[in-house]
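Participant: Just need the structure, nothing else, for what follows:
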Amino acid sequence: SGATISRFEHAASRQDIYRVSEALVEQFIASFASPPKSLILDLDHSEDACYGQQPLAFYNHHYGSTCYLPLMIFDGQSGGLIAAV
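Facilitator: The predicted structure is shown next:
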């Protein structure tokens, strides 16, 4: 239900979100047996449409909608997710 999803969304603190981001980066680093000679970082944003008065959602003229616009950082060679901001 909507109320359950809302409680779940707001249950995570800033520290929890930071820890998840750190875990993604640590997992990416641990995937290498030895340091690579180079890294290619692929930065992409992803529209996450919002409906109603959700906090920190803003109108994006390019997409013509109110949305969140997270930045995703991927490994350009493997396509693996490194971080989401």
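Participant: Quick check, pLDDT for A3.
Facilitator: Predicted confidence (pLDDT) for A3: 72.
Participant: Wasn't it part of a helix?
Facilitator: Yes - assigned with DSSP: H, G, I helix; E, B strand; the rest coil, A3 falls within a helix.
Participant: If you tally nearby residues, what's the number for it?
Facilitator: The number of residues packed near A3 is 7, by other C-beta atoms under 10 Å. In this view, the C-beta of every residue, glycine as well, is placed from N, C-alpha and C.
Participant: just C67 next, same as before
Facilitator: By the criterion of other C-beta under 10 Å, C67 has 20 neighbours.
Participant: Go ahead and confirm it touches Q54.
Facilitator: No - using C-beta atoms under 8 Å, C67 is not in contact with Q54, being 9.5 Å away.
Participant: list residues touching both of those two?
Facilitator: By the contact definition C-beta atoms under 8 Å, 6 or more residues apart in numbering, C67 and Q54 are jointly contacted by no residue.
Participant: what does stretch 58-71 contact?
Facilitator: With C-beta under 8 Å, 6+ apart as the test, stretch 58-71 has contacts from 43-51, 54, 56-57, 84-85.
Participant: Repeat that for stretch 24-38.
Facilitator: Outside stretch 24-38, the residues touching it (C-beta under 8 Å, 6+ apart) are D75, G80, L81, I82, A83, A84.
Participant: and of the residues you listed, the nearest to R14?
Facilitator: Nearest to R14, judged by C-beta to C-beta, of the contacts of stretch 24-38 is A84 at 14.3 Å.
Participant: Could you identify the most distant pair in the contacts of stretch 58-71?
Facilitator: Spatial extent of the contacts of stretch 58-71 (C-beta to C-beta) is set by the pair L43 and Y51 at 26.8 Å.
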